[in-house]
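1. coordinates only, sequence not included:
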């Protein structure tokens, strides 16, 4: 079965041989994805209160952000410091279309994706033509500009006080405005996003992206247009952030500029790293940390950033595969003992 | 005349800010040349310079002494950071080092916030709050101090890189790691040294600008980004480029914010960066070293 | 018939050094042509100019009749030029199979959109690609290593993998950068056999090499460089006895 043999090739960031044996024989990544999401469907019935369910809903939205960033950063080797900015661009696009022009969120969502993806090209085209990590700094500035726009164009965005009066998604008049109703929407959308990412990674484009990130000289030699694939990855990750933004603004029925700051963009990078950059399941772990850690640190919010920063450094220096590589590392350690 | 005096005031202010940007750009360039990485901690070192100076003022009583000690301390922070998180790396790729400096920036910013607080701090300039009256315009003495100190520092840097063995070793390692190590240059130490210099110059920038702008824990990202823009504008990696880029950026910001709009002042740096990236990636003074696809 | 590669008045100067000086030569279809010369003769610079990594200062390079000297590397690959690297640029983090599949990048048509939506056409293309890659690996004896990370292979195996990767794009010109470098005798001979076999099936090969045994035994034509200039060109016997060639190599230890 030639397709599944290439599909079950494990994608880990460490330079170890892909795990053989039962891991490789186990269900392909696609099946695992479906299985995990089916398992997650029980959350609304299992979680004891609406607050925890709201955290879960938020987690699904953040997963889209972090998985999108992981595509660019973990697999593409590019740093973007405006993932939160694109998140905001998507939120404001969808929200403003709804508030000003009565556009339904169902159209606002694709619009958000297009605007965010298109805006990415604006920054990406000049920055990615150059060899080197100029995208990192260019996106830092881009996020700053976006915040300036969100704050200054008060008539459109509501300025520092935020955008008010955004309507929720609704299906035939049935408004998705309460947590249990929101859940299927974010659950399904995040599943589709993970599926899109998986399909991309398994494709010719995905291989090209990974090749460029690994070794641009070699990628050139096999005919890959490295500029173009990096631009595609950047636009795709921004478009996904735009989708997350649309979900966010119609679930909260509100958006304010602070949510989309450089600080948030930086945190998203940290989550990608801690979860395991360049791994498929890393973003899920990163999102879990992102959403759960502040809950445990309630009362010590100021220390949160420090813990995240220190955690990221520890991961980068000592443990590049992040949390996602823990099972492999443990398995190897056990194997050596046997 | 009203317009003339406004012009002079803005000009001097622009050069003053520009000098700060030049210093930050210099620090940025030094790390970039030796590691290929974008140093996101650069801006945080600027913040530290200002905030630690304010802290030490209480102990020392003299602004100049407090600043001096603070700058040295920030330099030490740079050295320690390198030893702690850069030196241990098995494969110090530019991507990895860039990400680590992001981690450093986060830790630094939150430590500053936790230890020194969120309130912006300030202190008087080296000549107190005195201003110089020129052609009916009041120029803060501190601005003149900034320009003077920056000039002196640039001369020192130039002499260091051109005349001393250590400086030349740094340049050699930056140009070609392998070749440099073959002729006996300890490449690891040059990275250490470059972090130390970058932190020192960042701390210096922060220490001398604080009397005019106040120092606050969250300014790091902006300082860092503007320093980077200045570096790109002048031609990344070049000492003269950092100066030219810094001054030009400072002037554009000052004039843009007065004549166009102050709301979008921060956008100017970014707009410039985009323009450079689009039109002339090697910057005003750089040669076409950057390989385009 | 037009030669497959036509280099004309090619010069490369940088930092005051003239690495390649006014060089002209051709490579005919179906030939194995070797470029040799002492260290510093300009072989690598020449190679890099043909591959697209270095820009010539003056002169032209034509492939199959059209100019390529202004094209970036990846466009040359799309025209049918494939190369290997002396220092190996294998994709270490990707599996052996994926390395070969990436090699076939230019043969694919499926873009990002069809990938994301996993269209039937894209899936069919993936299956074909996987089979082609598997076939190449089998041909080169690496099939059992298909799922290993490329970084886990031995040096000799990686050299073979790079060759397989280069062939995956179905090129018409193969540029080999010191294919025998770093290989023990047995493996170097095996590499030579592979090259001859490829050529017998129609592949044109241009190689830079220090291993004289390999060069003399399998090249149809040899170009000898010294100080960036041609000092001899011809078949093995001509070159072997050429006085200037002997003079240039005097003092150089030969890989006999």
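-> Yes, it's here. Keep in mind the model is a prediction, meaning the values are calculated, not measured. Residues are numbered from 1 along each chain as shown, chains lettered A, B, ... in the order given.
2. What is the neighbour count of residue A:296?
-> 9 (other Cβ atoms under 10 Å in any protein chain shown). C-beta here means a position set from N, CA and C on the backbone, and glycine is covered the same way.
3. what does the stretch 101-250 of chain B put close to chain A?
-> Contact residues, the stretch 101-250 of chain B versus chain A (Cβ under 8 Å from any Cβ of the partner chain): B:102-107, B:109-111, B:113-114, B:221-222, B:224-225, B:228-229, B:232.
4. Give me the pLDDT value at residue B:196.
-> With respect to pLDDT, residue B:196 scores 94.
5. do the one 10 residues further on as well
-> If you check residue B:206, the pLDDT there is 94.
6. and it, what helix or strand is that in?
-> Assigned by DSSP states H and E, residue B:206 belongs to helix B:187-213.
7. Take the residues of the stretch 101-250 of chain B next to chain A and keep only those in helices.
-> B:102-107, B:109-111, B:113-114, B:221-222, B:224-225, B:228-229, B:232 (DSSP state H).
8. and the helix holding residue B:206, how far out from the chain's middle?
-> Relative to the centre of its chain, helix B:187-213 is centred 7 Å away, using Cα atoms, centre = their mean, to the nearest Å.
9. In it, which residues are buried?
-> Judged by neighbour count using 16 or more other Cβ atoms under 10 Å in any protein chain shown, the buried positions of helix B:187-213 are B:187, B:190-212.
10. Now do that helix: which elements does it pack against?
-> Secondary structure elements in contact with helix B:187-213, counted by 3 or more Cβ pairs under 8 Å, 6 or more residues apart in numbering or on different chains; DSSP states H and E, are helix B:2-35, helix B:42-60, helix B:63-81, helix B:141-163, helix B:165-175, helix B:177-182.
11. Can you say which of these is nearest to chain C?
-> Comparing the helices and strands packed on helix B:187-213 against chain C with Cβ to the nearest Cβ, the closest turns out to be helix B:165-175 (11.3 Å).
12. Just the buried ones out of the residues of the stretch 101-250 of chain B next to chain A, please.
-> Applying 16+ other Cβ under 10 Å to these flags B:102-107, B:109-111, B:113, B:221-222, B:224-225, B:228-229, B:232 as buried.
13. How about chain B: which residue is closest to chain A?
-> In chain B, the residue that lies nearest chain A is residue B:106 (3.1 Å; Cβ to the nearest Cβ).
14. roughly how far apart are that residue and residue B:262?
-> As defined by Cβ to Cβ, to the nearest Å, residue B:106 lies at a distance of 30 Å from residue B:262.
15. And for residue A:135?
-> Distance of residue A:135 to residue B:262, computed by Cβ to Cβ: 29 Å.
16. Work out which residue lies at the spatial centre of chain C.
-> Central residue of chain C (Cα atoms, centre = their mean): residue C:175, 2.0 Å from the mean position.
17. check contacts around that one.
-> C:47, C:50, C:51, C:81, C:82, C:83, C:84, C:206, C:207 (Cβ atoms under 8 Å, 6 or more residues apart in numbering or on different chains).
18. got the residue ranges for the helices in the stretch 101-250 of chain A?
-> Assigned by DSSP state H, counting those that start in this stretch, the stretch 101-250 of chain A shows helices spanning A:105-128, A:134-152, A:154-157, A:179-201, A:204-214, A:216-221, A:226-252.
19. how far off helix A:134-152 does the longest one point, in degrees?
-> On the basis of axes from the mean of the first three to the mean of the last three Cα atoms, to 10 degrees, helix A:226-252 is oriented at 30 degrees to helix A:134-152.
20. where does the chain have low pLDDT?
-> Looking at chain A here, since you left the chain open. Flagging of chain A using pLDDT under 70 yields the residue ranges A:1-27, A:337-338.
21. my bad, chain B
-> Looking at chain B by pLDDT under 70, you get B:1-3, B:286-293.
22. give me that answer again for 50
-> Chain B contains residues with pLDDT under 50 at B:1, B:289-293.
23. ok, back up a step: for the residue of chain B closest to chain A, what are its contacts?
-> Residues in contact with residue B:106 (Cβ under 8 Å, 6+ apart) are A:266, A:270, A:305, A:306, A:308, A:309, A:312.
24. what residues are up against the residue nearest to the third one when sequence neighbours are not counted?
-> Right, the one you point to is residue A:305. Nearest non-adjacent residue to residue A:305, counting by Cβ to Cβ, 6 or more residues apart in numbering or on different chains: residue B:110, 4.0 Å away. By Cβ under 8 Å, 6+ apart, the contact set of residue B:110 is A:302, A:303, A:305, A:306, A:309.
25. before we move on, what about residue B:208?
-> By Cβ under 8 Å, 6+ apart, the residues touching residue B:208 are B:20, B:67, B:142, B:145, B:146, B:149.
26. Now tabulate those residues in JSON lines and tack on distance to residue C:166 and neighbour count.
-> Listed next are the contacts of residue B:208 as JSON lines, based on distance: Cβ to Cβ, whole Å; neighbours: other Cβ atoms under 10 Å in any protein chain shown:
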{"residue": "B:20", "distance to residue C:166": "52", "neighbour count": "27"}
{"residue": "B:67", "distance to residue C:166": "60", "neighbour count": "28"}
{"residue": "B:142", "distance to residue C:166": "63", "neighbour count": "22"}
{"residue": "B:145", "distance to residue C:166": "62", "neighbour count": "19"}
{"residue": "B:146", "distance to residue C:166": "58", "neighbour count": "25"}
{"residue": "B:149", "distance to residue C:166": "58", "neighbour count": "18"}
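27. Pick out the most distant pair among those.
-> Pairwise distances across the contacts of residue B:208 (Cβ to Cβ) peak at 13.9 Å, for the pair B:20 and B:67.
28. Can you point out the buried residues in the helix or strand of chain C with the lowest mean pLDDT?
-> For chain C, counting by mean pLDDT, DSSP states H and E, helix C:243-249 ranks last in confidence among helices and strands (a mean of 81). Residues of helix C:243-249 classed as buried: C:245, C:248, C:249 (neighbour count, 16+ other Cβ under 10 Å).
29. so the nearest residue to the second one once chain neighbours are set aside bridges to which residues?
-> Right, the one you point to is residue C:248. Distances taken as Cβ to Cβ, 6+ apart place residue C:226 nearest to residue C:248, at 4.5 Å, with adjacent residues excluded. In this entry, residue C:226 is beta-bridged to residue C:229, by DSSP bridges.
30. tally of neighbours for residue C:226?
-> 19.
31. Next: residue B:165.
-> Using other Cβ under 10 Å, residue B:165 is surrounded by 8 other residues.
32. and the residue nearest to the centre of chain C, what element?
-> Here residue C:175 sits within strand C:173-177, counting by DSSP H and E.
33. For residue A:147, which residues are in contact?
-> Shown in contact with residue A:147 (Cβ under 8 Å, 6+ apart): A:85, A:88, A:257, A:260, A:261, A:262.
34. how near is residue C:148 to residue C:142?
-> Residue C:148 sits 9 Å away from residue C:142, going by Cβ to Cβ.
35. Pick out whichever of the two has more residues nearby.
-> residue C:142 (23 against 19).
36. The more buried one against residue C:157, yeah?
-> Yes - using Cβ atoms under 8 Å, residue C:142 is in contact with residue C:157, at 6.6 Å.
37. so which residue of chain C comes closest to chain B?
-> Proximity to chain B, evaluated over chain C using Cβ to the nearest Cβ, is greatest for residue C:72 at 6.2 Å.
38. hmm, back to that, looking at residue A:135 and residue B:262 now, which is surrounded by more residues?
-> The residue with more neighbours, out of residue A:135 and residue B:262, is residue A:135; 27 against 11, by other Cβ under 10 Å.
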